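Trainee: Sequence first, then the predicted structure, then my questions.
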Amino acid sequence: MISNIAGVVVLYNPEEDIIDNVSTYYNSLQKLYVVDNSEVPSEKVLQELSKNFPHTEYHHLANNQGIAKALNIAASRAIEEGFDWLLTMDQDSQASEDMIPKLLEVSANIPKEQVGIIAPRYILETDSLDAEQSNLQEVDVAITSGNLLNLCAFKEVGPFREDFFIDYVDHEYCLRLKLSNYKIVINNKVLLYHKLGDSKSHSFLGYQVNASHHNFLRRYYITRNRLAVLKEFKIQFPQYYRNESTNNLREFIKIILFEKNKVKKIKSVYKGYLDFRRNKFGKYRHN
């Protein structure tokens, strides 16, 4: 157990495999905050969490208040209780062996006060481990799951952006950390096994192409929040801007070529664009 690290797992209608997932990192934490966005919590899952992981603190957010709200609650509680780091986990992610201690090895090369987030290498179901990677890699952004968040940096930079609700909460926060001169560091020797939506591989003109198959609601948030981040950070991070602008176009093409419910998803993309232009954020509302 590493005494200055707490963790948070954010739930939304979790399956029972959440217990196996949490068990891959729980023993490296002094405390785990469980923040549940499910409209109706699963009593069976709660009983199993309580039985298997005694050092937990449970918070239920009625009416699904989003991942940013959940992260802010956990970070604030961890600061109140004197922790230095907060491990942020999705319910679908599994840690590799000794992930947390290995992540902290970054501090042997980079002083803690310079690091905002230490992240693992993310392994998706469609990924191969053949490619060699350098040990430490400074990046612009990292996804939320598997991160060690420096809580001193959190106190300086401020909370996650709750009006984003879900998508691009992590990107926006990483870029904000970098503007405050904190580094986002990936330790490529540390692995996190992560499930990304309903990602599937498709054959197209002799190539294998991965499409995320996010539902229409996620397409709304991705479009709206991505455009907001691009607008906010275009000047400071031009390479990020170019990459994400390209991804925006590629994902739209993949929806047309490979995904189901194309019309509904395209309408959601358009609504996300309109709400971005109107500066209308927060939880999705039907109109």
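Mentor: Cool, the structure landed. Numbering: from 1, shown residues only.
Trainee: and the protein, what are its domains?
Mentor: Per automatic domain parsing, the domain ranges recorded for the chain read 5-193, 200-277.
Trainee: and the first one, how far from the chain's centre?
Mentor: When you say that, I think you mean domain 5-193. Using Cα atoms, centre = their mean, to the nearest Å, we find the averaged C-alpha position of domain 5-193 to lie 7 Å away from the chain's own average C-alpha position.
Trainee: Quick check, E16 in contact with K44.
Mentor: Yes: the pair E16 and K44 passes the contact test of Cβ atoms under 8 Å, sitting 7.1 Å apart. C-beta here means a position set from N, CA and C on the backbone, and glycine is covered the same way.
Trainee: quick one: K271 from R219, how far?
Mentor: Per Cβ to Cβ, to the nearest Å, K271 is found 9 Å from R219.
Trainee: Of the two, which one has the most company?
Mentor: Shown here are K271 and R219; by other Cβ atoms under 10 Å, R219 has more neighbours (26 against 19).
Trainee: Who's the closest spatial neighbour of the more buried one, skipping the chain neighbours?
Mentor: Once flanking residues are discounted, R219 sits nearest to S268: 4.4 Å by Cβ to Cβ, 6 or more residues apart in numbering.
Trainee: Now do the contacts for Y221.
Mentor: For Y221, the contacting residues are 164-168, 272, 284, by Cβ atoms under 8 Å, 6 or more residues apart in numbering.
Trainee: I'd like the distance from it to K155, if you could.
Mentor: Taken as Cβ to Cβ, the spacing of Y221 relative to K155 amounts to 27 Å.
Trainee: ok, now A119?
Mentor: Taken as Cβ to Cβ, the span from A119 to K155 is 20 Å.
Trainee: more crowded one of these two?
Mentor: Between A119 and K155, A119 has the larger neighbour count (other Cβ under 10 Å), namely 28 against 12.
Trainee: Packing partners of the longest strand along the chain?
Mentor: Scanning the chain for the strand with the most residues, using DSSP state E, yields strand 183-193. Using 3 or more Cβ pairs under 8 Å, 6 or more residues apart in numbering; DSSP states H and E as the contact criterion, the elements in contact with strand 183-193 are strand 94-95, helix 99-103, strand 115-123, strand 136-139, helix 169-179.
Trainee: Between these, which one is closest to G7.
Mentor: helix 99-103 (8.4 Å; Cβ to Cβ).
Trainee: How about exporting that closest one as PDB, limited to the C-alpha atoms?
Mentor: As requested, the backbone C-alpha atoms of helix 99-103 are provided in PDB (Å, rounded to 0.1, in the frame of the first residue of the first chain):
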ATOM      1  CA  MET A  99       0.800  -0.200 -12.200                       C
ATOM      2  CA  ILE A 100       0.700   2.500  -9.600                       C
ATOM      3  CA  PRO A 101       4.200   2.000  -8.100                       C
ATOM      4  CA  LYS A 102       5.600   1.800 -11.600                       C
ATOM      5  CA  LEU A 103       3.800   5.000 -12.600                       C
END
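Trainee: And for N109, the neighbour number?
Mentor: Residue crowding around N109 was assessed by other Cβ under 10 Å; the count is 11.
Trainee: what's the distance between L151 and N4?
Mentor: If you go by Cβ to Cβ, the gap between L151 and N4 works out to 9 Å.
Trainee: between these two, which one's more packed in?
Mentor: Remark: of L151 and N4, L151 carries more neighbours, 20 against 12, as counted by other Cβ under 10 Å.
Trainee: For this structure, give me the ranges with low pLDDT.
Mentor: 1-3, 124-134, 195-207, 209, 211-212, 287 (pLDDT under 70).
Trainee: now with 80?
Mentor: Residues of the chain meeting the criterion pLDDT under 80: 1-3, 107, 124-134, 194-213, 259, 286-287.
Trainee: picking that back up, could you verify my assumption that the residue nearest to R219 touches T223?
Mentor: Yes: with contacts counted by Cβ under 8 Å, S268 reaches T223, the gap being 7.3 Å.
Trainee: circling back: can you tell me the SS state at the residue nearest to R219?
Mentor: On the three-state scheme (DSSP: H, G, I helix; E, B strand; the rest coil), S268 is labelled helix.
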